[in-house]
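> Structure, please.
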Amino acid sequence: MSIRWLLSALLAVVAMTAAGGPAMAQISLPGGLGGSLPQTPGLPVDRGGLDGLVRGRLEQAIEVPGRLQDMIRRSRGALEADPEGWPVVRGEVVAVDLSPEGRRRALDAGFTVVREARLAALDMTTVVLSPPRGLSLQRAVERLRDLDPDGSYAFNHVYAPAGELAEAGAAPAAAAISGPQGGRGRMGLIDTGVDVGHPAVSAARVVQRGFAGPARPAPHGTAVASLMVGRAGAFSGAAPGAELYAADVYGGSTTGGSATGLVQALAWMAENAVPVVNVSLVGPRNAVVEAAVRRASSRGMLIVAAVGNDGPSAPPLYPAAYPGVIGVTAVNGRGRVLPESGRGPQVDFAAPGADMAAAGAGEGYVNVRGSSFASPLVAGLLSRRLQRPDRNSAEAAVTALAGTAADAGARGPDPIYGRGLVAADRRIAPGAVGARGRLNR
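I've put the predicted structure just below:
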């Protein structure tokens, strides 16, 4: 266990203790240290979810969540670790808006151009460079920065859905409403592929595109999409009838979820004037993604992101922690924050993310848990207030939503619930649609 992790844990305890109020839970320290974290006043958590969950979650709350490190081991050499252990595409460095002089210096030093993309909607160009033979990726980035101090170079980090996956069989679907849905608005989703044949989303207009090969339906993206635009029988998402632009950044590829795929997906959203985009993915800070998020936000796009489920002492995860991004945490059916949810200034809102149903495998429904499923509800509510990308209107939409939030935890905005709980009435109880199995993200 590193000193850095211990400092992070201690800071988290100090921050939570400062909030004040009655104690609700104790969390055992991982790694055989013994004892427990001090009971935290004013921070009610889901005690039922602690048993068998907290130890696994906190053991992942090191600098890099263990499940992300597992991606490297499963990639069969397609991925490697950056100096801090985050997964990156092997042998790739990404330059943002590479200058002619920077390109010349890189090529003279033995780097080769693997591919490049002009993202006109974001006024941004990415160039993927491969280092000379024998030069490690870390040294390659350092070398490029030495050669071109004014340039922007980054690892091609890989992002993951916000948590772990464990799904059992799903129940038969509720009866779907026939015909096109009568809603309005437009939203975007950057995730895995969506099963557009699932009854919960089959009546919605879903425009889908793959950014890591052809789009491939997967449980995570399908569940998130259903919470955004779905409607079938007793089931309804936050904005049923809205048009959904779904970007699959995985496509079944071992390098799916890359930074370059994310920025291409954001550019596609901007091209299609999508005003609100949900990203239920997490990863480290990355200069390429940050530049794309900044440019999309400056054009009036609202980006809503899950804060992650890697424990209260986990580092801030991105894109939720970027300035201007709306970070969302998850609460259970009693309105209590999940113990595995991320904490910090990146939390803007809390929304239901457990004890609720979403579209599952086949034609059924599944129990979901995690901030991945809270953020699409917030995105749906914001889409009702923002019909087109516009900076002033986007700010007004967030302010209006905050005005409807129920204060939770410490009085006023706090690092646990942000500005408060929204979308409480959007939680569909699993029993209402016969949901079976569980999807944790």
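> Can you give the strand pairings for the longest strand seen in the chain, parallel or anti for each?
As assigned by DSSP state E, the longest strand anywhere in the chain is strand 87-96. Strand 87-96 sits in its sheet next to strand 79-81 (antiparallel), strand 124-130 (antiparallel), strand 152-157 (antiparallel), going by DSSP bridges.
> List the contacts of whatever helix or strand comes next after the longest one.
So that's strand 124-130. Using DSSP states H and E, the helix or strand that follows strand 124-130 in sequence is helix 137-147. For helix 137-147, the external contacting residues (C-beta atoms under 8 Å, 6 or more residues apart in numbering) are 80, 82-83, 88, 90-93, 95, 102, 105-106, 109, 111, 129, 131-132, 135, 151, 153-155. Bear in mind the C-beta positions are built from the backbone N, C-alpha and C, glycine included.
> Filter those residues down to the buried ones and hand me the ChimeraX line.
ChimeraX command restricting the contacts of helix 137-147 to the buried ones, with burial defined by 16 or more other C-beta atoms under 10 Å:
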select :80,82,88,90,91,92,93,95,102,105,106,109,111,129,131,135,151,153,154,155
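> thinking again about what came up before, next one: whichever helix or strand comes after the longest strand of the chain to chain centre, how far?
Downstream of strand 87-96, the next assigned helix or strand under DSSP H and E is helix 100-108. Centroid separation for helix 100-108 versus its chain: 35 Å, with C-alpha atoms, centre = their mean, to the nearest Å.
> what's helix 100-108 packed up against?
Applying 3 or more C-beta pairs under 8 Å, 6 or more residues apart in numbering; DSSP states H and E, we find helix 100-108 packed against helix 137-147.
> ok, now with 10 Å
Contact here means 3 or more C-beta pairs under 10 Å, 6 or more residues apart in numbering; DSSP states H and E; on that basis helix 100-108 packs against strand 87-96, strand 112-119, strand 124-130, helix 137-147, strand 152-157.
> how much does that helix deviate in direction from helix 137-147?
Helix 100-108 runs at 130 degrees relative to helix 137-147, counting by axes from the mean of the first three to the mean of the last three C-alpha atoms, to 10 degrees.
> And for helix 100-108, what's in contact with it?
93, 95, 98-99, 111-113, 116, 127, 129, 131, 140, 143-144, 146-153 (C-beta atoms under 10 Å, 6 or more residues apart in numbering).
> rerun at 8 Å
Here helix 100-108 has contacts from 95, 98, 113, 127, 129, 144, 147-148, 150-151, using C-beta under 8 Å, 6+ apart.
> returning to what we had before: pipe the strands paired with strand 87-96 into JSON lines and attach distance to residue 385 and mean pLDDT per row.
Shown next, in JSON lines, are the strands paired with strand 87-96 (distance: least, C-beta to C-beta, whole Å; pLDDT from 0 to 100):
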{"stretch": "strand 79-81", "distance to residue 385": "39", "mean pLDDT": "97"}
{"stretch": "strand 124-130", "distance to residue 385": "27", "mean pLDDT": "98"}
{"stretch": "strand 152-157", "distance to residue 385": "32", "mean pLDDT": "98"}
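> Of the ones you listed, which is nearest residue 219?
The closest of the strands paired with strand 87-96 to residue 219 is strand 79-81. By C-beta to C-beta, the value is 22.0 Å.
> And the closest one, how far out from the chain middle?
Using C-alpha atoms, centre = their mean, the offset of strand 79-81 from its chain centre is 20 Å.
> who's in contact with that strand?
Here strand 79-81 has contacts from 69, 71-72, 87-91, 137, 158, 254-255, using C-beta under 8 Å, 6+ apart.
> Closest one of those residues to residue 423?
Residue 423 lies nearest to residue 158 out of those, by C-beta to C-beta, at 29.6 Å.
> could you dump the strands paired with strand 87-96 to JSON lines with distance to residue 356?
Shown next, in JSON lines, are those (distance: least, C-beta to C-beta, whole Å):
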{"stretch": "strand 79-81", "distance to residue 356": "33"}
{"stretch": "strand 124-130", "distance to residue 356": "37"}
{"stretch": "strand 152-157", "distance to residue 356": "31"}
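> To residue 248, which of these lies closest?
strand 152-157 (17.7 Å).
> what pairs with the helix or strand just after the closest one, and is each one parallel or antiparallel?
Using DSSP H and E, the helix or strand that follows strand 152-157 in sequence is strand 160-161. Strand 160-161 pairs in its sheet with strand 281-282 (antiparallel), by DSSP bridges.
> Return the distance of the strand it pairs with from the chain's centre.
The answer for strand 281-282 is 3 Å, by C-alpha atoms, centre = their mean.
> Show me what it is in contact with.
Here strand 281-282 has contacts from 65, 159-162, 190-191, 249, 257, 262, 305-308, 310, 317-320, using C-beta under 8 Å, 6+ apart.
> Check stretch 211-218 too.
If you take C-beta under 8 Å, 6+ apart as the criterion, stretch 211-218 is touched by 192-196, 208-210, 246-253, 255-258, 261, 264-265, 268.
> Mind checking which of those are in strands?
Using DSSP E, these in strands are 208-210, 246-248.
> Give me the helix or strand of the chain that scores worst on average pLDDT.
None of the helices or strands of the chain scores lower by mean pLDDT, DSSP states H and E than helix 54-60, at a mean of 37.
> any chance you could map the helices in the stretch 301-441 of the chain?
375-383, 391-404 (DSSP state H, counting those that start in this stretch).
> Let's have these in TSV, adding mean neighbour count and distance to residue 224.
As requested, the helices of the stretch 301-441 of the chain are exported to TSV (neighbours: other C-beta atoms under 10 Å; distance: least, C-beta to C-beta, whole Å):
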stretch	mean neighbour count	distance to residue 224
helix 375-383	29	5
helix 391-404	15	19
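> May I see those helices arranged in TSV, with mean pLDDT and distance to residue 281 as well?
Compiled in TSV, the helices of the stretch 301-441 of the chain are given as follows (pLDDT from 0 to 100; distance: least, C-beta to C-beta, whole Å):
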stretch	mean pLDDT	distance to residue 281
helix 375-383	98	10
helix 391-404	98	21
